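**Q** Quick one: sequence plus predicted model below, questions after.
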Amino acid sequence: MGITDMQEAFYYRECAAAHENSPLGLHYAMFLPTINKQATPEQKKKWLPLAENYKMIGTYAQTELGHGTFIRGLETTATYDPKTKEFILDSPTLTSKKYWPGCLGKTSNHCVVMAQLYTQGKSHGPHMFMVQIRSMEDHSVLPGIEVGVIGNKFGYGTNDNGFLSFDKLRIPRENMLMRYSQVGRIPRENMLMRYSQVSRIPRENMLMRYSQVHEDGTYVKPQNAKLAYGSMVLIRSSIVSDAARGLAQACVISIRYSAVRRQTEAYPGGEEPQILDYQTQQYRLFPLLASAYSLQLAGKYVFNTYLEVNDQIEKGNLESMPELHALSAGLKAFSTYEASAGIEVCRICCGGHGYSQASGLPKIYVDVVPGCTYEGENTVMMLQTARYLMKCYSRAKQGQKLPGFVQYIGQNLNKKSCMSEEVALGCLVMAYEHRAARLVEAAAMRMQSLIQGGKKQHEAWNGSSVQLFWAAKAHCHLFCVKNFVDAIQAKSLSSKTVTVMKSVCQLYGVHGILENLGEFMQDGFFSGEQVGYLQRKMLALFENIRPNAVALVDAFDYPDMVLGSCLGRYDGQVYQALYDYAKSAPMNQTEIHSTYYKHLKPLINPETTSDAMQFAKL
Ligand SMILES: CCCCCCCC/C=C\CCCC(=O)SCCNC(=O)CCNC(=O)[C@H](O)C(C)(C)COP(=O)(O)OP(=O)(O)OC[C@H]1O[C@@H](n2cnc3c(N)ncnc32)[C@H](O)[C@@H]1OP(=O)(O)O
Ligand SMILES: Cc1cc2nc3c(=O)[nH]c(=O)nc-3n(C[C@H](O)[C@H](O)[C@H](O)COP(=O)(O)OP(=O)(O)OC[C@H]3O[C@@H](n4cnc5c(N)ncnc54)[C@H](O)[C@@H]3O)c2cc1C
């Protein structure tokens with residue numbers, strides 16, 4: 001299609017086939033970025049032109065039958081043979097077979113494989129290798145490789161998620177992606193080799209300015225082993241906006257439909273009101289609308305942070321890696337949890353028609369919900385964020401200054417809420433900071449008490465993991481609320497827009513407190529009277545948002561062809577669209593379905609079964 005900008009290309013594909021997960025999805029989302037971020041210039045020069053021109057079509061093959069979360073437990077091996085200067089890839093066990101990678105079963109002819117690196121008899125952990133799995137001539141599977149699709153899934157029907165295994169497959173040494181390196185202090189005269197290793201490497205390797213397995217099998221480790229996880233951080237940072245997009249589209253469909261649908265007399269003999277006028281419909285949909293706006297802002301923030309930090313990493317400054325990991329892992333989990341649950345509520349709010357594919361909602365749901373699992377299972381990701389928060393807590397207790405969004409940790413917890421009838425945005429942020437700080441401290445105290453009680457570190461960790469999860473979730477929720485408030489207060493919006501968006505932002509904060517009241521009230525931070533302020537404010541905000549609800553979803557500006565929904569059409573012609581959709585159903589192309597003759601007629605009119613048998617033979 002000749003579109004070079006990746007974001008534009010994504011939107012083009014979304015328009016062409018919205019939520020139809022593309023069989024090239026992993027090629028764009030992970031294969032190309034991994035070459036870009038993890039390969040040396042030499043390797044990029046060789047592979048990128050082929051991959052960008054669809055000669056090499058690839059995926060990211062990491063997960064195995066037996067392991068997805070625990071990368072260090074992956075069993076696929078890549079053993080270096082110094083005699084032939086090759087790696088031998090092998091799937092030594094049933095559970096080591098790669099399983100799940102998208103676009104693997106039938107589409108890709110290459111993949112980046114994550115395998116345990118062995119050289120000189122020693123294991124060096126998971127590393128990435130470029131592997132060709134099918135012929136570039138006729139797409140036949142290459143020797144030493146078994147590959148296929150994994151069969152039907154919950155959704156993602158247009159993606160050939162596959163399995164893959166190796167039988168002592170040999171690949172050249174140059175196929176290990178060798179970008180990041182242990183760049184120790186190097187004497188000035190070596191500046192030309194500023195990226196190279198602690199040990200002299202042969203001149204011909206000058207370009208391989210990265211960590212590598214030297215020809216004799218000497219391994220030089222990277223500056224940080226987690227650099228190899230970089231592609232996952234990129235996708236996690238993208239998933240937040242992806243989840244926000246899905247939730248926003250579901251809100252467009254369900255709120256537009258709720259403005260068209262009329263149901264039940266408001267009073268005996270009265271007209272049937274728009275269902276959007278029911279307070280319970282507003283209670284279910286308006287906070288989701290607010291959440292969609294909040295997650296869109298969060299998605300922009302985390303992706304921009306990824307770009308900034310990745311820029312620093314590529315210059316050798318890894319200082320912000322931990323914060324980026326904690327932010328991207330936590331927000332990926334938080335956003336996909338919120339979006340998946342929210343899309344399901346939007347579907348239910350559309351009654352029976354919400355259950356029809358004609359609504360467009362099932363397709364959005366099955367496209368967004370796997371985001372709770374892939375790219376890091378959500379609970380595991382939240383616990384990674386919690387791991388970072390525990391480190392921040394102990395640094396705060398030692399009086400160290402904390403970076404960015406974690407400065408609230410370790411704050412004085414004796415204060416009470418400033419909440420008044422007005423429900424000021426600042427009091428909302430303070431409430432979320434207090435809740436998160438309290439939950440972080442409670443988790444840390446729990447860990448400490450278990451360790452003091454004699455538990456080992458890993459036992460104390462597991463014994464505190466529910467509270468660690470709560471703390472991480474509260475941290476992510478605070479991030480989304482504060483980021484939304486900052487955006488409202490910083491934006492130079494017109495006064496009318498600010499008024500409307502301030503109500504949406506307030507609703508996001510108020511609703512989040514009321515839906516998690518226990519965590520906000522456990523230590524008496526809120527009084528019962530203040531909770532009453534919040535409850536009344538929420539109901540008032542429903543009335544305030546109602547006149548602008550359709551405009552607020554129109555503002556997302558998703559064309560009908562992207563929504564793919566009879567319920568969410570811009571022109572509101574829902575019933576005609578549903579009827580046309582029904583009429584176009586393939587089964588309606590004949591008045592009597594062929595199965596009548598074979599299965600029903602013998603029951604209804606057994607005496608004329610022979611006619612049926614004749615027909616069945618046709
Ligand atoms: C345009 C729209 C795009 C969006 C839509 C995309 C559609 C694509 C469709 C599908 C794609 C799906 C692809 C996949 O699913 S690929 C496979 C994904 N798999 C995973 O994500 C696996 C998850 N597991 C892990 O990441 C790791 O195993 C782990 C859970 C993080 C644990 O790693 P490990 O055991 O090595 O580390 P520790 O827990 O011991 O922690 C050690 C320290 O390392 C730090 N750490 C961990 N990870 C990172 C990282 N990524 N970056 C920086 N630092 C990291 C961790 O914080 C510890 O630090 P500490 O200081 O505490 O010791
Ligand atoms: C649609 C889809 C597309 C995918 N695409 C790809 C792809 O392109 N490439 C690829 O490599 N992979 C892909 N995957 C695989 C995906 O990355 C893994 O499924 C994911 O990482 C989760 O790992 P798992 O399946 O082993 O789950 P598990 O880790 O086995 O999770 C099962 C349960 O165990 C819990 N659990 C596991 N570890 C811990 C822990 N340490 N602490 C607490 N609880 C824990 C989890 O919370 C979860 O509840 C895809 C998956 C899906 C669904």
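**A** Cool, the structure landed. Ligands and ions are numbered 1, 2, ... in the order given.
**Q** contacting residues around residue 241?
**A** By Cβ atoms under 8 Å, 6 or more residues apart in numbering, the residues touching residue 241 are 295-296, 299-300, 303. Yep, even glycine has a C-beta here, placed from its N, CA and C like the rest.
**Q** one more time with 10 Å
**A** By Cβ atoms under 10 Å, 6 or more residues apart in numbering, the residues touching residue 241 are 7, 248, 295-303, 335.
**Q** ok, for the residue in the stretch 501-618 of the chain positioned nearest to ligand 1, nearest residue in space, not its chain neighbours?
**A** Closest approach between the stretch 501-618 of the chain and ligand 1, counting by Cβ to the nearest ligand atom: residue 562, at 14.2 Å. Leaving aside its chain neighbours, residue 562 sits nearest to residue 18 (4.5 Å; criterion: Cβ to Cβ, 6 or more residues apart in numbering).
**Q** still on that earlier bit, state the distance from the residue of the stretch 501-618 of the chain closest to ligand 1 to residue 11.
**A** Using Cβ to Cβ, to the nearest Å, residue 562 is found at 9 Å from residue 11.
**Q** and for these two, which residues touch both?
**A** With contacts defined as Cβ under 10 Å, 6+ apart, no residue is shared by residue 562 and residue 11.
**Q** Specify which residue of those two has the higher count of neighbours.
**A** Higher neighbour count among residue 562 and residue 11: residue 562, with 21 against 13, using other Cβ atoms under 10 Å.
**Q** Check what pLDDT the more buried one gets.
**A** pLDDT for residue 562: 95.
**Q** And residue 582, by the same measure?
**A** 98.
**Q** Repeat that for residue 134.
**A** Taking residue 134 on its own, its pLDDT is 98.
**Q** Mind giving me the packing neighbours of the longest helix along the chain?
**A** Once the chain is assigned using DSSP state H, the helix that runs over the most residues is helix 279-314. Contacts defined by 3 or more Cβ pairs under 10 Å, 6 or more residues apart in numbering; DSSP states H and E place helix 279-314 against helix 32-38, helix 230-260, helix 321-348, helix 457-490, helix 495-514, helix 528-545, helix 549-554.
**Q** Give me the angle between the fourth one and helix 495-514.
**A** It stands for helix 457-490. Going by axes from the mean of the first three to the mean of the last three Cα atoms, to 10 degrees, helix 457-490 is angled at 160 degrees with respect to helix 495-514.
**Q** starting at the chain centroid, how far to helix 457-490?
**A** Averaging C-alpha positions (Cα atoms, centre = their mean, to the nearest Å) puts helix 457-490 17 Å from its chain's average.
**Q** Also compute the angle for that helix relative to helix 230-260, please.
**A** 50 degrees.
**Q** list the helices and strands helix 457-490 packs on?
**A** So helix 457-490, by 3+ Cβ pairs under 10 Å, 6+ apart, packs with helix 279-314, helix 321-348, helix 378-397, helix 425-452, helix 495-514, helix 517-521.
**Q** one more time with 6 Å
**A** Secondary-structure packing of helix 457-490 (3 or more Cβ pairs under 6 Å, 6 or more residues apart in numbering; DSSP states H and E): helix 279-314, helix 321-348, helix 378-397, helix 425-452, helix 495-514.
**Q** right, so those: which one is the most enclosed?
**A** Mean neighbours per residue, mean count of other Cβ atoms under 10 Å, is largest over the helices and strands packed on helix 457-490 for helix 321-348, with a mean of 24.
**Q** That one: what's the following helix or strand?
**A** For helix 321-348, the following helix or strand on the C-terminal side (DSSP states H and E) is helix 351-354.
**Q** Quick check: residues of the stretch 151-300 of the chain near ligand 2?
**A** 156, 161 (Cβ under 6 Å from any ligand atom).
**Q** Okay, now the unreliable bits of the stretch 151-300 of the chain?
**A** The stretch 151-300 of the chain contains residues with pLDDT under 70 at 180-211.
**Q** if we can go back for a sec, what's the residue of the stretch 501-618 of the chain closest to ligand 1 in contact with, if anything?
**A** Residue 562 makes contacts with 14-15, 18, as judged by Cβ atoms under 6 Å, 6 or more residues apart in numbering.
**Q** Of those residues, which is the most crowded?
**A** Ranking the contacts of residue 562 using other Cβ under 10 Å puts residue 18 first, with 20 neighbours.
**Q** And that residue, how far from ligand 1?
**A** Noted for residue 18: a distance of 13 Å to ligand 1, by Cβ to the nearest ligand atom, to the nearest Å.
**Q** Kindly report the same for residue 489.
**A** 29 Å.
**Q** Shouldn't residue 228 be within a helix?
**A** Yes. Assignment of residue 228 by DSSP: H, G, I helix; E, B strand; the rest coil places it within a helix.
**Q** Just give the number of residues close to it.
**A** Using other Cβ under 10 Å, the number of residues around residue 228 comes to 22.
**Q** Check residue 463 too.
**A** Using other Cβ under 10 Å as the criterion, the residues surrounding residue 463 number 17.
**Q** swap in residue 362?
**A** Neighbour count of residue 362, defined by other Cβ under 10 Å: 17.
**Q** wait, what's in contact with it?
**A** Applying Cβ under 6 Å, 6+ apart to residue 362 gives no contacts.
**Q** go on, residue 173?
**A** residue 85.
**Q** mind redoing it with 7 Å?
**A** 85-87, 213, 215 (Cβ atoms under 7 Å, 6 or more residues apart in numbering).
**Q** hang on, the earlier thing: in a strand, the residue of the stretch 501-618 of the chain closest to ligand 1, correct?
**A** No. Checked against three-state DSSP, residue 562 lies outside a strand; its state is helix.
**Q** do you know how far it is from residue 360?
**A** Counting by Cβ to Cβ - residue 562 and residue 360 are separated by 9 Å.
**Q** same deal with residue 399?
**A** Relative to residue 360, residue 399 is positioned 54 Å away (Cβ to Cβ).
**Q** If you count surrounding residues, which of the two has more?
**A** In this view residue 399 and residue 360 are compared by other Cβ under 10 Å, and residue 360 has more residues nearby, 26 against 7.
**Q** correct me, but that one touches residue 563?
**A** Yes. In this structure, residue 360 is within contact of residue 563 by Cβ atoms under 7 Å, at 5.4 Å.
**Q** helix/strand/coil for whatever residue of the stretch 1-150 of the chain ends up closest to ligand 2?
**A** Nearest residue of the stretch 1-150 of the chain to ligand 2: residue 68, at 2.3 Å (Cβ to the nearest ligand atom). Judged by three-state DSSP, the three-state class of residue 68 is coil.
**Q** Nice, that's everything, thank you.
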